[in-house]
Structure formats: C-alpha cells, structure tokens
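Student: predicted coordinates and the sequence they were generated for:
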Amino acid sequence: MKKTLLLISIVCLVMMFSVALADASGDNRIVISEVVATTDVDVGSIPVYGNAITYPSFTVQDSSKPAYFWPGNTRWKKFVDGNWEQISASETFTSGKWRLEASIFIDSDSLSMALIDGEPTGDGTTHKLADGLVVRINGIQWARDDVGVGSNSSNCNVYSSEFIIPMPAELHFNDSSSFDIPASYKNQAIITKDVSSGAEGGTSPYHFSKVSGPEWISVSDEGVISGTPMVVGNNIDLVVRVEDSSNPKQSQEITISVDKTYGDPDDREIVSSIVATTSPDIDAIAVYGGATTRPEFIVTTGKPVYFWPGNTKWQIFDGERWNNYSEGTFEEGTYRLIATCFIDNDSRTMALESGEQTGDGYSHMLDKENLVITINGKNWEHEIPSINASSSSAETWSKSFVISATSTLQGDLDGDGRITVADIRILIQGYIHPEDLTEEQFAAGDMDEDGIITVADIRRLIQEYVKP
C-alpha cells in the first residue's frame with residue numbers, strides 16, 4: 001500500500017512539472033517563475049531632493065536567465081494629479097511620491113541582437129515568463145503588470161516601492177527644460193509657460209517676476225510666461241525670480257532659454273527648382289556586378305536644399321513594388337536610386353553640418369505645387385513636398401535602370417567598360433545612320449534618354465569623355 005501511495009505521489013509530481021513546461025496549447029517552453037536581480041546602486045538612495053535623475057543597472061541571477069532588464073525601459077515616475085508621469089532624465093528629483101519602473105524581457109532574435117553582443121540567442125522561443133511571475137530586486141519583491149507572452153518572446157513591467165521626498169524647508173526654484181521657449185514667429189503669440197511648478201519649500205504663496213529678458217516677454221505674479229515677438233532675430237535668455245511669503249522673504253532665480261524669432265512661415269522664400277549632380281554619376285554606378293555605391297549629391301541650384309545621406313538608397317522592383325536593396329553589388333534586375341531633399345530647422349542642420357545652426361527651414365521652403373528636381377541633367381520624379389512651419393522635404397527618385405549581365409555603361413557603345421574616342425566615333429556614325437546601331441548601342445548612346453540619337457547626345461558623350 002505504501003509503495004502504491006509513493007508511486008501515485010511521484011506520478012502527480014511529474015504531471016505538475018509537465019504542466020509547468022507545457023500549457024494546454026502545446027507550448028513547451030521552459031517557464032521562468034521567479035526573476036531575482038540586484039542593482040549596482042541601492043534604488044532607495046537615488047531619489048533625494050535636488051539630485052539628478054539617474055538609473056541603476058540590473059544584474060539578473062543565473063537562475064532567472066535568460067530574462068533580462070532592458071535599460072531603455074528603466075524610468076523614474078512621479079505621481080502627479082492622480083497619474084504616474086515619466087520625468088525626463090534631464091530633470092532633478094523634487095518633492096512628492098516617486099517610484100522606479102523597469103521592464104523584464106525574454107526576447108526573440110531581433111531584440112536580443114540589439115542588446116547582446118555576438119550572435120542572437122532567440123531565447124524567447126525556448127523560455128517564457130510565468131503568468132504568476134515573482135520579481136525580487138535586492139531582496140525586495142516588486143509589484144508588476146500582467147505578463148505578456150508571445151510566440152517568441154515574453155515581457156513584464158515591474159515597479160519598486162514608493163519613495164516620498166519631503167518638501168524642503170528652504171525656498172527652491174527648480175529649472176526645467178519644459179520651461180524653455182521654442183522658436184517663435186513674428187506677430188504670433190507664444191504658447192504660455194507656467195513656471196510655478198518649479199517653486200518649492202519656503203512659505204507660500206509665491207510671487208513671480210521678470211528680472212531680465214526679451215522686451216516682448218512678460219511674467220505674471222502667478223508665474224505664467226507670455227508674449228508676442230515683434231522683431232525677427234535672436235533672443236536673450238529670460239531670468240525669472242520667485243519670492244516667498246516668509247519673514248524675512250526668500251527668493252530664487254532661474255534662467256530660461258529663449259529660441260530665435262522667425263518671420264511669418266507663409267512669407268518664406270519658395271524653392272521651385274533644385275539642380276544637383278552626383279559623385280559619382282549614378283549612370284556609372286548602376287552596372288552589372290558593380291558596387292551599390294550611394295553617391296553624394298552636390299546642389300548647385302536651390303540652396304539651402306540638401307540631400308540627407310542617410311535617406312539615399314538603392315531599390316529593386318519585384319514586379320509589384322519597390323523594395324530597398326541591401327546587397328553589395330548589382331545583379332540582374334530593375335533598380336532605381338531614391339533620395340530625400342531637405343530644408344531643415346536648427347536641430348537636423350546641427351546634426352549634419354559643423355558650425356553654427358542655420359535654421360533654413362524658417363526662411364525657405366520647397367514649392368509644393370511646381371517643384372522641379374534635376375539631377376545630372378535629368379528630371380527626377382518626386383512626391384508632393386511635406387511642409388511644416390520649420391522645415392520641408394520631398395522624396396525623389398531616378399529613372400529605372402534595367403541591369404542584365406550584358407548591360408553596359410551609359411555612353412559605352414563598344415562594351416569595353418569605359419568611355420573612349422571609339423564610342424564617340426560609333427555614336428557619330430549612328431547619328432548619321434541610326435540603323436547601324438544595335439539595340440544595346442542605341443540605349444547606351446541615347447545620353448538624354450529621349451528615344452532618339454541627336455547632336456545633344458554626341459555633345460553629352462564628349463563631355464563625359466573629357467570629364468576628369
């Protein structure tokens with residue numbers, strides 16, 4: 001009898017273990033029921049009044065792997081007006097209720113590839129987080145949301161205990177990037193800014209005033225910044241003071257950045273024509289077996305327009321749609337080069353060019369109705385430009401290149417892979433006697449691609465020959 005009971009117990013244990021490994025749908029992944037981790041800094045030591053917002057790193061114990069904490073999802077939140085609001089890393093801790101939030105993942109190949117050096121592991125196909133997951137950080141159990149489980153990944157958001165930062169006894173005036181005044185426009189009122197939330201401590205009520213700054217800006221006693229710029233140009237910083245009601249009174253000041261004032265967006269100079277060349281010429285790039293080089297665009301007409309290198313790419317046509325082509329060399333197929341021309345605001349210009357920001361998007365914009373883009377002497381098609389108050393852009397693309405193993409360089413009529421005097425002789429002869437040209441020679445000699453061989457084609461070929 002005892003042996004029978006022991007056997008039944010063992011069977012039950014095996015069944016329970018099997019359930020942990022496989023759910024009713026046939027999911028045989030290993031279940032991680034507990035995630036145990038430590039942090040490099042005690043979480044409770046971070047939220048101190050006036051300290052910069054910093055984030056700890058998590059180290060997961062081996063028994064909880066392959067679960068990990070994604071650094072990009074670690075964030076401090078403050079309880080404001082009944083909601084937990086994420087606070088930017090550029091801010092400091094202020095009085096109130098705070099908690100740290102983080103995300104645990106067991107992922108598919110793609111996200112593991114982004115986070116882990118070496119080959120992707122695809123752990124989400126072999127492991128998953130349990131529905132009843134328990135998370136312990138530094139020996140303390142954290143609260144969590146429901147576990148999300150997909151076919152090749154699982155994840156869960158977790159939360160620390162709450163930390164209460166008390167109001168300081170002395171008056172503080174905490175600056176915030178949210179107080180900064182962005183680019184403005186002549187004769188248009190700015191969006192008001194309320195800086196009263198930056199004042200803490202001391203004795204309320206508080207009183208705010210303008211110490212210095214642009215003449216057109218005013219600061220109300222309640223801390224509301226407003227104004228309408230009347231002149232185009234740079235603006236000096238705004239200095240705001242807060243004073244409390246203690247005796248003697250305490251006061252503090254902050255300095256707020258005020259961006260440039262620009263003219264009316266509707267009065268911007270319109271760019272209707274963009275003329276550019278590429279280096280190297282794309283006709284010389286799109287050849288069978290050639291490298292899929294992304295050329296540089298040199299704008300000669302239409303500045304301050306520029307072509308952003310990151311948006312220049314080759315595409316291949318699959319019979320229905322154009323797809324980005326990532327191979328290193330051209331194979332047989334139909335290709336085109338696609339690029340994006342920009343007139344941008346300060347931020348992107350700053351990212352692309354050394355030196356001072358230009359903010360050209362505030363003074364110029366692409367013509368939305370009559371834009372003409374000419375690259376290497378040929379008109380390119382383009383989308384309708386996208387235009388907003390500080391920038392404009394348009395995607396544009398070349399003609400199609402049908403590349404085969406026998407395709408030749410534009411202008412290479414004798415098929416030797418280069419442009420020589422022999423090619424010019426053949427084209428002149430073909431101009432006089434078009435019937436003497438083969439189909440491939442005609443295509444290579446029609447330099448302007450207008451369907452006929454003309455003197456213009458001969459002139460263009462000579463220019464290509466003498467080009468350095």
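Tutor: Received it, and whenever you're ready, just let me know what you need. Numbering: from 1, shown residues only.

Student: partner strands of the helix or strand encompassing residue 323 and their direction?
Tutor: With elements taken from DSSP states H and E, the one containing residue 323 is strand 322-324. The strands that strand 322-324 pairs with in its sheet are strand 313-317 (antiparallel) (by DSSP bridges).

Student: who touches residue 81 in this structure?
Tutor: Contacts for residue 81 were tallied using Cβ atoms under 8 Å, 6 or more residues apart in numbering; there are none. In short, each C-beta sits where N, CA and C put it, glycine included.

Student: that one and residue 87, how far apart?
Tutor: 14 Å (Cβ to Cβ, to the nearest Å).

Student: where does residue 441 land in three-state SS?
Tutor: Using DSSP: H, G, I helix; E, B strand; the rest coil, the secondary structure recorded for residue 441 is helix.

Student: which residue, other than its chain neighbours, is closest to it?
Tutor: In this structure, residue 441 finds its nearest non-sequential neighbour in residue 413, 4.7 Å apart by Cβ to Cβ, 6 or more residues apart in numbering.

Student: tell me the pLDDT at that neighbour?
Tutor: Residue 413 carries a pLDDT value of 84.

Student: swap in residue 448?
Tutor: Note on residue 448: pLDDT of 83.

Student: before we move on, what about residue 3?
Tutor: At residue 3, pLDDT is 37.

Student: repeat that for residue 353.
Tutor: At residue 353, pLDDT is 49.

Student: can you check residue 444 too?
Tutor: 85.

Student: show me the contacts for it.
Tutor: 408, 409, 410, 411, 412, 413, 423.

Student: who wins for neighbours among the residues you listed?
Tutor: Highest neighbour count within the contacts of residue 444, by other Cβ atoms under 10 Å: residue 413, with 27 neighbours.

Student: any idea how far the closest residue to residue 250 other than its chain neighbours lies from residue 248?
Tutor: Residue nearest to residue 250 in three dimensions, not counting chain neighbours: residue 171, with 3.9 Å by Cβ to Cβ, 6+ apart. Distance, residue 171 to residue 248, using Cβ to Cβ: 11 Å.

Student: more crowded one of the two?
Tutor: residue 171 (20 against 4).

Student: partner strands of the helix or strand where residue 298 lies, with direction?
Tutor: Secondary structure assignment for residue 298, by DSSP H and E: strand 296-301. Sheet pairing for strand 296-301, assigned by DSSP bridges, gives strand 273-279 (antiparallel).

Student: beyond the strand it pairs with, next helix or strand please.
Tutor: Following strand 273-279 in sequence, per DSSP H and E, is helix 282-285.

Student: state the mean pLDDT of that following helix.
Tutor: Average pLDDT, helix 282-285: 88.

Student: what does it rub up against?
Tutor: 291, 292, 293, 295, 337, 375, 376, 398, 409, 410, 411.

Student: do you know how far the residue nearest to the first one when sequence neighbours are not counted is from residue 314?
Tutor: Distances taken as Cβ to Cβ, 6+ apart place residue 329 nearest to residue 291, at 5.8 Å, with adjacent residues excluded. Spatial separation of residue 329 from residue 314 under the definition Cβ to Cβ is 11 Å.

Student: residue 465 too?
Tutor: Counting by Cβ to Cβ - residue 465 and residue 314 are separated by 26 Å.

Student: which neighbours do residue 329 and residue 314 share?
Tutor: Common neighbours of residue 329 and residue 314 (Cβ under 8 Å, 6+ apart) are residue 292.

Student: neighbour count: these two, which is higher?
Tutor: More crowded of residue 329 and residue 314, by other Cβ under 10 Å: residue 314, with 21 against 10.

Student: show me the chain divided up by domain.
Tutor: 15-165, 172-263, 266-403, 421-466 (automatic domain parsing).

Student: just the buried positions in the strand holding residue 323, please.
Tutor: With burial defined by 16 or more other Cβ atoms under 10 Å, not one residue of strand 322-324 is counted as buried.

Student: next secondary structure after that strand?
Tutor: Following strand 322-324 in sequence, per DSSP H and E, is strand 333-343.

Student: give me the mean pLDDT for that following strand.
Tutor: Rounded mean pLDDT across strand 333-343 is 94.

Student: against which helices or strands is it packed?
Tutor: Here strand 333-343 touches strand 306-307, strand 313-317, strand 364-366, strand 392-397, strand 401-403, going by 3 or more Cβ pairs under 8 Å, 6 or more residues apart in numbering; DSSP states H and E.

Student: name every strand pairing with the first one and say which way it goes.
Tutor: To tie it back to what came earlier, the one meant is strand 306-307. Strand 306-307 is paired, per DSSP bridges, with strand 333-343 (antiparallel).

Student: using CSV, list the CA coordinates for the strand it pairs with.
Tutor: Output of strand 333-343 as CSV, limited to C-alpha atoms (Å, rounded to 0.1, in the frame of the first residue of the first chain):
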residue,chain,number,x,y,z
GLY,A,333,17.0,43.3,-62.2
THR,A,334,15.3,46.7,-62.3
TYR,A,335,16.7,49.4,-60.0
ARG,A,336,16.3,53.0,-59.0
LEU,A,337,18.1,55.4,-56.7
ILE,A,338,15.8,57.1,-54.1
ALA,A,339,16.8,60.2,-52.1
THR,A,340,15.3,62.9,-49.9
CYS,A,341,15.9,66.6,-50.2
PHE,A,342,15.5,68.7,-47.1
ILE,A,343,15.3,72.3,-46.0
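
Student: and that strand, how far out from the chain's middle?
Tutor: Distance of strand 333-343 from its chain centroid, counting by Cα atoms, centre = their mean, to the nearest Å, is 20 Å.

Student: what's the angle from that strand to strand 392-397?
Tutor: Following axes from the mean of the first three to the mean of the last three Cα atoms, to 10 degrees, one obtains 160 degrees for the angle between strand 333-343 and strand 392-397.

Student: which residues touch residue 430?
Tutor: Taking Cβ under 8 Å, 6+ apart as the criterion, residue 430 is in contact with 413, 436, 437, 441, 442, 445, 453.

Student: scratch that, residue 411 is what I was asking about
Tutor: With Cβ under 8 Å, 6+ apart, residue 411 has these contacts: 283, 419, 423, 444, 445, 447, 460, 461, 464, 465.

Student: for residue 259, what are its contacts?
Tutor: 180, 181, 182, 183, 184, 235, 346.

Student: the same query, at a cut-off of 7 Å, please.
Tutor: 181, 182, 183, 184, 235 (Cβ atoms under 7 Å, 6 or more residues apart in numbering).

Student: mind picking the two most distant members of those residues?
Tutor: Greatest spatial distance among those (Cβ to Cβ): 182 and 235, at 11.0 Å.

Student: pick out whichever of these two has more residues nearby.
Tutor: Using other Cβ under 10 Å as the criterion, residue 182 and residue 235 rank with residue 235 on top: 20 against 12.

Student: how about that one, nearest residue that isn't a chain neighbour?
Tutor: residue 258 (4.0 Å).

Student: do I have it right that that neighbour meets residue 214?
Tutor: Yes: using Cβ atoms under 7 Å as the test, residue 258 is close enough to residue 214 to be in contact (5.9 Å).

Student: between those two, which contacts overlap?
Tutor: 235, 236, 238.

Student: all good on my end, thank you.
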